[in-house]
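J.: What follows is a predicted protein model with its sequence.
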Amino acid sequence: MLKDLFGKKRKFATLPAETLGRVPAPTIEPKEVPEGLMNKCTHCGTIHYSKDLEKNLRVCKGCGYHFPMSAPERIQSLLDDGALREEFDADLITANPLGFPGYLEKLEQDKKSTNLNEAVITGEGLLGGNRIVIGVMDSRFRMASMGSVVGEKITRAIERAVERKLPFILFSASGGARMQEGVLSLMQMAKTSAALARLDRERLLFISVLTNPTYGGVSASFASLGDYNIAEPGAMIGFAGRRVIEQTIRQELPKDFQTAEFLLEHGQLDKVVHRKDMRATLSKLVEMHVMGEGV
């Protein structure tokens, strides 16, 4: 037994592959997944192929979470031809009126990454066979913050709706006023609201659709002034953020505070509409309005 315990262990020599007459096994490097091929839901963790997610209008099949939609995607999913018949003011470019350091460089970066000149697209299109004027904000561009050009484009779109006697639909998604433009940004709240007051005097329809997120000066002005105020499921909507409010009032807020469902329950919205039903819902509202004009 002692011999077995303390006996010498056999040593094995490692021979080169050439000696054994075979080539070494090739080194297999892990393949990288191409960027943008898949998306992970931030709410439930479901992995989606990007193409499948686009086919499902960027809504998670696992939990129904509504991923952000770009303005071009939104227009394609909504309008009859998948495109505007006429785009308004695409050449308007933001300046740097306050000489804010680095502002123009950031704008240029967003222009290149989004292929947009600003955070909103406006124009005329067909919805259910009816002519409408539409505006769609794009959160990829400066978080769709409201600067001078955003306010100007929305105001001009409203004015064209008045001139052409057409319904106006606006999809909002914004972090609020654009701090780099100071009071010039805040002025857009009054300007857009005044334009909507004229639209109302002309008895023309305004449908406001609030998407995730809609905050600050946008939520406190045009986004909340619709004849119908509609939101997508789970959209976060408010003026100040949750943490700021809790620190101010020194109270803990409900878990669903500022969600579209919370606002609907408290009378601040008319309806929460799933993205797959948005086109049909808006078409029906516009059709009702058009038919009502002929009565």
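T.: Nice, thanks for sending it over. Just so it is clear, the structure is predicted and the values come from calculations on it, not from any experiment.

J.: Contact partners for the nearest residue to S208 once chain neighbours are set aside?
T.: Ranked by Cβ to Cβ, 6 or more residues apart in numbering and with sequence neighbours excluded, the top spatial neighbour of S208 is G226, at 3.1 Å. Heads up, the C-betas are built off the backbone N, CA and C, glycines and all. When contacts are counted by Cβ atoms under 8 Å, 6 or more residues apart in numbering, G226 touches 170, 206-208.

J.: Just among those, which is most surrounded?
T.: Among the contacts of G226, L170 has the most neighbours (other Cβ atoms under 10 Å), with 26 neighbours.

J.: that's a strand at it, yeah?
T.: Yes - assessed by DSSP: H, G, I helix; E, B strand; the rest coil, L170 belongs to a strand.

J.: circling back: wait, which of the contacts of G226 is closest to E87?
T.: L170 (15.1 Å; Cβ to Cβ).

J.: give me the beta-bridge partners of the closest one?
T.: G135, S208 (DSSP bridges).

J.: can you pull the pLDDT of it?
T.: pLDDT for L170: 98.

J.: And for L37?
T.: On pLDDT, L37 comes in at 84.

J.: how much space between it and Y49?
T.: 7 Å (Cβ to Cβ, to the nearest Å).

J.: and G241, what does it touch?
T.: Applying Cβ under 8 Å, 6+ apart, the residues contacting G241 are Y215.

J.: how near is it to R140?
T.: Relative to R140, and taking Cβ to Cβ, G241 is found at 20 Å.

J.: can you check S193 too?
T.: For S193, the distance to R140 - Cβ to Cβ - is 26 Å.

J.: okay if I get the contacts of G226 as JSON lines plus distance to V120?
T.: Listed next are these as JSON lines, based on distance: Cβ to Cβ, whole Å:
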{"residue": "L170", "distance to V120": "9"}
{"residue": "F206", "distance to V120": "16"}
{"residue": "I207", "distance to V120": "16"}
{"residue": "S208", "distance to V120": "14"}
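
J.: With respect to E252, which of those residues is nearest?
T.: Closest to E252, out of all of the contacts of G226 and judged by Cβ to Cβ, is S208, at 29.9 Å.

J.: thought the closest one was touching F168?
T.: No - between S208 and F168 there is no contact under Cβ atoms under 8 Å: 9.2 Å.

J.: got the phi/psi numbers for the closest residue to G62 other than its chain neighbours?
T.: Of all residues not flanking G62 in the chain, T46 sits nearest, at 3.4 Å (Cβ to Cβ, 6+ apart). For T46, the backbone dihedrals (degrees, to the nearest 10) come out as phi -60, psi 130.

J.: Offset the numbering so it begins at 722, please.
T.: Happy to do that; since the first residue is 722 now, the last one works out to T767.

J.: Give the burial count for T767, as a bare number.
T.: Neighbour tally, T767, other Cβ under 10 Å: 14.

J.: pLDDT at it, what is it?
T.: Reported pLDDT for T767: 92.

J.: same deal with V841?
T.: 98.

J.: Could you measure from S1004 over to A981?
T.: 21 Å.

J.: Who has more neighbours out of those two?
T.: Per other Cβ under 10 Å, whichever of S1004 and A981 has more neighbours is A981, with 26 against 17.

J.: That one contacts L931, correct?
T.: Yes - the pair A981 and L931 passes the contact test of Cβ under 8 Å, sitting 7.2 Å apart.

J.: Next, show the common contact partners of the two.
T.: 952-953, 956, 958, 990.

J.: List the ones among those residues that fall in helices.
T.: Among the shared contacts of A981 and L931, no residue falls in helices (DSSP state H).

J.: Which one of those residues is nearest to G938?
T.: I958 (13.1 Å).

J.: So that closest one sits against Q979, correct?
T.: Yes - contact criterion Cβ under 8 Å: I958 and Q979 qualify, at 5.9 Å.

J.: leaving aside the residues next to it on the chain, what's closest to R1000?
T.: That would be L799: by Cβ to Cβ, 6+ apart, it lies 5.4 Å from R1000.

J.: Let me see the confidence value for that neighbour.
T.: As predicted, L799 sits at a pLDDT of 97.

J.: Can you name the residues that contact it?
T.: Applying Cβ under 8 Å, 6+ apart, the residues near L799 are 848, 855, 999-1000, 1003.

J.: Among those, which one is most surrounded by other residues?
T.: I855 (28 neighbours).

J.: That one and G947, how far apart?
T.: 13 Å.
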